[in-house]
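Chemist: Sequence plus the predicted model coming up.
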Amino acid sequence: MTIEPGIYFIRALLCDPKLRSKHKQAINFSRVDTFLDFGGVRIEDDILIRRGAPLNLTRVPKEIKDIEEIRINGK
């Protein structure tokens, strides 16, 4: 089973003036604009379902500081 939450920065939606106006109270668009070239993040885990405890077959960073390190330094 794959579990994959994510966030995606879709330029066509996030730069649309009508949508920006509609959601300006809920979204900090100046902050969003800093991520437009990044595209997005998907944190994907592959989980083996078995008797007893499930087994996570993947190891990816999940802490904000670790994900930002990848975004900034590519590591």
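Modeler: Received it, and whenever you're ready, just let me know what you need. Being a predicted model, the structure only gives us computed values, none of them experimental.
Chemist: Now do the SS call for the residue in the chain sticking out farthest from the centre.
Modeler: Using CA atoms, centre = their mean, the residue of the chain lying farthest from its centre is residue 51. It sits 31.1 Å away. Secondary structure, DSSP: H, G, I helix; E, B strand; the rest coil: residue 51 is coil.
Chemist: other SSEs contacting the lowest-mean-pLDDT helix or strand in the chain?
Modeler: Least confident helix or strand, the chain: strand 2-3 with a mean of 72, by mean pLDDT, DSSP states H and E. Strand 2-3 sits against strand 45-48, with contacts defined as 3 or more CB pairs under 8 Å, 6 or more residues apart in numbering; DSSP states H and E. Heads up, the C-betas are built off the backbone N, CA and C, glycines and all.
Chemist: what's the spacing between the strand it packs on and its chain's center?
Modeler: Centroid separation for strand 45-48 versus its chain: 18 Å, with CA atoms, centre = their mean, to the nearest Å.
Chemist: Can you pull out the residues in contact with that strand?
Modeler: With CB atoms under 8 Å, 6 or more residues apart in numbering as the test, strand 45-48 has contacts from 1-4, 54-58, 60.
Chemist: For the residue farthest from the centre of the chain, give its distance to residue 36.
Modeler: Distance, residue 51 to residue 36, by CB to CB, to the nearest Å: 46 Å.
Chemist: which element follows the least confident helix or strand of the chain toward the C-terminus?
Modeler: Next along the chain after strand 2-3, taking DSSP states H and E as the criterion, comes strand 6-8.
Chemist: Give me the mean pLDDT for that next one.
Modeler: Mean pLDDT, strand 6-8: 84.
Chemist: swap in stretch 30-38?
Modeler: For stretch 30-38, mean pLDDT rounds to 89.
Chemist: Report the distance from it to the chain centre.
Modeler: For stretch 30-38, the distance to the chain centre is 12 Å (CA atoms, centre = their mean).
Chemist: List the contacts of that stretch.
Modeler: With CB under 8 Å, 6+ apart, stretch 30-38 has contacts from 9, 11, 14-15, 71.
Chemist: Which among these count as buried?
Modeler: 9, 14 (16 or more other CB atoms under 10 Å).
Chemist: out of the contacts of stretch 30-38, who's nearest residue 26?
Modeler: Of all the contacts of stretch 30-38, residue 26 sits closest to residue 14, with 12.8 Å by CB to CB.
Chemist: Kind regards, and thank you for your time.
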